[in-house]
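Enquirer: Test case, fold it:
(2 chains)
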Amino acid sequence: SQTIHQWPATLVQPVGSPLSLECTVEGTSNPNLYWYRQAAGRGLQLLFYSVGIGQISSEVPQNLSASRPQDRQFILSSKKLLLSDSGFYLCAWSVWGTTGELFFGEGSRLTVL
Amino acid sequence: AQSVTQLGSHVSVSEGALVLLRCNYSSSVPPYLFWYVQYPNQGLQLLLKYTTGATLVKGINGFEAEFKKSETSFHLTKPSAHMSDAAEYFCAVSPGSGNTGKLIFGQGTTLQVKP
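Expert: Numbers count the residues shown, from 1 in each chain, chains lettered A, B, ... in the order given. From the prediction side, this is the model:
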């Protein structure tokens, strides 16, 4: 069966520090991968999605970047965090050409102080 | 372009009462429709989905939803609310066959269940 893991689960970082959130998927090949953010009181915001290794699409301009160094690994990064980067980050995967159903990770809570 | 509107950002019901969470969508092609649930500090979990076939879809935890094309709606219901149903619920749409897998989500509805 397929599983998805994110880490770290919780992170408290000072403004201006770097960020790295990692997500891995097991049990499937060539998944579509996604990073979403939930800010307090707001819905789900799609940040990045990837249809293959090295292929990253950005949905909104921001202080963050994403990379996909391996088929089932998706990394969210920042060189210098802003207060506005605080939120709950969710990684998800889907299979291209199917219903579009997303399978989500457990989430990573980022607090920037 | 597709969109999803969830009517009511907060819904409060008493334990044992009917749960009704409203979702309307806009889509130029036959849609696939989803309901997800999110408990605090957790990821989203699929409750149910409509793709094709029977318009009344049953999901986990006693929830069901009915696809009504004429009303462009996909409301979520449960006959009797439990305290454990308190969570945030998201409706989502994808454009059907040939899609790229990018779901469009509503803004979410927080369900409060009172004892």
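
Enquirer: Toward the C-terminus, what is the element adjacent to the helix or strand bottoming out on mean pLDDT in chain B?
Expert: Counting by mean pLDDT, DSSP states H and E, the weakest-scoring helix or strand in chain B turns out to be strand B:104-105, with a mean of 90. Once the chain leaves strand B:104-105, the next helix or strand it forms, by DSSP states H and E, is strand B:109-114.

Enquirer: which of the residues in that next one are buried?
Expert: B:109, B:111, B:113 (16 or more other CB atoms under 10 Å in any protein chain shown). The C-beta positions use only the backbone N, C-alpha and C, and glycine is treated the same way.

Enquirer: Spatially, what comes nearest to A:T10 if we skip its sequence neighbours?
Expert: Spatial nearest neighbour of A:T10, chain neighbours left out: A:R109 (4.9 Å); criterion: CB to CB, 6 or more residues apart in numbering or on different chains.

Enquirer: Does the one you found belong to a helix, a strand or coil?
Expert: In the three-state summary, A:R109 is assigned as strand, counting by DSSP: H, G, I helix; E, B strand; the rest coil.

Enquirer: so what's the closest residue to chain A within chain B up against?
Expert: Here chain B gets closest to chain A at one residue, B:S94, 3.2 Å apart by CB to the nearest CB. Neighbouring residues of B:S94 by CB atoms under 8 Å, 6 or more residues apart in numbering or on different chains: A:99-100, B:2, B:31-32, B:34, B:101-104.

Enquirer: and with 10 Å instead?
Expert: B:S94 sits next to A:94, A:98-102, B:2, B:27, B:29, B:31-34, B:49, B:51, B:100-104 when contact means CB atoms under 10 Å, 6 or more residues apart in numbering or on different chains.

Enquirer: In chain B, where is pLDDT below threshold?
Expert: B:95-101 (pLDDT under 70).

Enquirer: and A:S29, what is it in contact with?
Expert: Contacts for A:S29 (CB under 10 Å, 6+ apart) come out as A:71-72, A:95.

Enquirer: That one and A:R72, how far apart?
Expert: 8 Å (CB to CB, to the nearest Å).

Enquirer: that older thread, correct me if wrong: the residue nearest to A:T10 contacts A:P8.
Expert: Yes: using CB atoms under 10 Å, A:R109 is in contact with A:P8, at 8.9 Å.
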